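A.B. asks: any chance you could fold what I've pasted below:
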Amino acid sequence: MPQRPPIHRPVGRRDKRERDRDTDRRRDPVIRALYRSARWLAERRLFLARHPLCAECQRRDRLTPANTVDHVVPHRGDPERFWDQDGWQPLCA
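C.D. replies: Residues are numbered from 1 along each chain as shown. Predicted coordinates for the structure are as follows:
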């Protein structure tokens, strides 16, 4: 059976999954807990259902489905700002 050739990566280069994992580990535990809470997952799902298109793409006259909720003003762990939906916007990856 033919084997797939190895993927060449320059020394020290990591794939996106590894970079994302490292970023999550360095994140403040309080902020990490907010993003992993059941309330956030439910609110995020409802927000994306109400705002299905990417706000940035709409400004450029493109229709792209949104899959990320962005805090327009960084919350920096402030729960009041974190849950304020007026400061959220739907974005695509």
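A.B. asks: what separates the lowest-mean-pLDDT helix or strand in the chain from the chain centre, distance-wise?
C.D. replies: Within the chain, confidence by mean pLDDT, DSSP states H and E is lowest for helix 16-26 among all helices and strands, at a mean of 86. For helix 16-26, the separation from the chain centroid amounts to 12 Å (computed by CA atoms, centre = their mean, to the nearest Å).
A.B. asks: and that helix, what does it pack against?
C.D. replies: Here helix 16-26 touches no other helix or strand, going by 3 or more CB pairs under 8 Å, 6 or more residues apart in numbering; DSSP states H and E. For every residue, glycine as well, the C-beta is placed using N, CA and C.
A.B. asks: got the contact list for that helix?
C.D. replies: The contact list for helix 16-26, computed with CB atoms under 8 Å, 6 or more residues apart in numbering, reads 14, 32.
A.B. asks: what do you get for stretch 35-54?
C.D. replies: Residues outside stretch 35-54 that contact it (CB under 8 Å, 6+ apart): 34, 62-67, 69, 83, 85, 88-92.
A.B. asks: give me the buried positions along it.
C.D. replies: Neighbour counts over stretch 35-54 (16 or more other CB atoms under 10 Å) mark 43, 48, 51, 53-54 as buried.
A.B. asks: can you flag the buried ones in the contacts of stretch 35-54?
C.D. replies: Buried members of the contacts of stretch 35-54, counted by 16+ other CB under 10 Å: 34, 64, 66, 69, 88-91.
A.B. asks: which pair in those residues has the greatest spatial separation?
C.D. replies: 34 and 64 (26.4 Å; CB to CB).
A.B. asks: roughly how far out does the top helix by length along the chain sit from the chain middle?
C.D. replies: Using DSSP state H to define each element, the chain has its longest helix at helix 38-50. Put simply, helix 38-50 sits 13 Å off its chain's centre (CA atoms, centre = their mean).
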